[in-house]
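J.: sharing a sequence plus its predicted fold:
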Amino acid sequence: MKMKKIFPVLLIALFIFSNIITLVLIHGNSFNRPNHVQTSTNLTPSSSNLIFYDDFEGDLSKWDTHSGLWHITEEYKYDGESCVWFGDEDLGHLPLDTAATGDLISEDIDLSSEQEAHLIFYMSRETRSSDDLLTITISNGTEEEQIGEFISASSLGWAKESYDISKWCGNSSVTIDFFTDHFFGDKEGWYIDNLVVTKDPDDYTIPSEDASADDFDFEGLFIVLIWFGIVGGMIVASVIVRKFKGGKIGGFTRTKVEKISKKEALPPQETKPKPMPAAPAECPYCGNKLDSDAIYCHTCGSKLNT
């Protein structure tokens with residue numbers, strides 16, 4: 001394959017490679033974390049149905065226990081300014097080669113006068129299969145029941161989780177325990193936002209979701225622009241080089257310019273007259289003696305073969 005055919009293929013390969021590098025560089029930050037702005041007015045249940053609610057804005061005052069890596073973060077959330085996250089704020093993900101466990105246990109929730117109760121929240125998780133576990137347990141102090149378990153691999157993306165906990169109605173001290181067990185890997189872990197216990201699950205609708213201005217990652221965009229600038233500059237430079245080497249310059253190709261330049265560089269050569277051959281000493285026809293520069297015999301008039 002000629003170089004002219006290989007060259008475009010190399011440029012395309014370089015372009016694809018640069019974009020792969022860009023995605024690798026920006027992976028893990030907010031560029032690939034879809035936040036949401038809620039436009040629905042029914043984000044939380046009405047007061048008549050609301051039993052317990054925490055939007056995780058600012059603190060964990062409604063949770064008696066928050067051990068391990070559970071904490072409030074503003075880096076990623078479903079709604080508002082923050083949510084609760086099981087992950088390392090400095091690393092931006094779970095510890096790679098260090099195990100970690102933790103409990104997020106609510107304060108006592110009074111269901112003594114309730115006939116129906118539902119636990120609803122939004123969760124986003126990035127986990128490894130079998131290496132990361134989250135369980136949800138309901139307890140009244142003497143009895144407990146695991147109502148949810150998440151152990152499969154998952155990618156980030158908010159989802160609404162709902163559990164019927166009506167069997168615990170009649171108890172005055174019910175707690176919710178989110179237990180996490182991380183063994184290995186550098187995934188981001190678990191995010192939870194907008195948790196409620198409500199009498200009517202239909203009173204807590206999924207809000208309409210629009211892209212948030214907070215989603216726009218200027219750092220990621222800056223990296224993309226840098227790569228496009230590098231690749232674009234290389235393409236422009238390669239075109240200039242190709243034009244200079246084999247393209248047209250001032251209406252002439254490089255080959256013609258070189259020929260003209262070489263021809264003009266040579267000094268003018270003088271043309272020397274061709275020497276005339278000497279005449280024979282005697283005329284071959286009449287034997288008369290001849291002059292050295294004779295062309296015809298002056299006696300017989302014959303033309304000499306000079």
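T.: Thanks, I have the structure now.

J.: just checking: what are the partner strands of the helix or strand where W190 lies?
T.: Under the criterion of DSSP states H and E, W190 resides in strand 189-198. Sheet neighbours of strand 189-198, with direction, are listed as strand 50-54 (antiparallel), strand 83-86 (antiparallel), strand 118-126 (antiparallel) (DSSP bridges).

J.: most tightly packed of the ones you listed?
T.: Most buried of those by mean neighbour count (mean count of other C-beta atoms under 10 Å) is strand 83-86; its value is a mean of 26. C-beta here means a position set from N, CA and C on the backbone, and glycine is covered the same way.

J.: what sits up against that strand?
T.: Under the criterion C-beta atoms under 8 Å, 6 or more residues apart in numbering, residues 56, 60, 66, 68-73, 75-77, 94, 102, 104, 134, 178, 180, 182, 189-193 lie in contact with strand 83-86.

J.: swap in 6 Å and give it another go.
T.: Judged by C-beta atoms under 6 Å, 6 or more residues apart in numbering, the contacts made with strand 83-86 from elsewhere in the structure are 56, 69-70, 73, 77, 102, 180, 189-193.

J.: with just CA atoms, put that strand into CSV.
T.: As requested, the backbone C-alpha atoms of strand 83-86 are provided in CSV (Å, rounded to 0.1, in the frame of the first residue of the first chain):
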residue,chain,number,x,y,z
CYS,A,83,-27.0,13.0,49.1
VAL,A,84,-25.6,10.2,51.3
TRP,A,85,-22.7,8.1,49.9
PHE,A,86,-20.8,5.1,50.9
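
J.: tell me the mean pLDDT for the particular helix or strand that has M234 in it?
T.: Assessed by DSSP H and E, M234 sits inside helix 218-246. Mean pLDDT, computed over helix 218-246, is 62.

J.: ok, back up a step: out of the strands paired with strand 189-198, the one nearest L156 is which?
T.: Of all those, the one in closest proximity to L156, counting by C-beta to C-beta, is strand 118-126 (4.8 Å).
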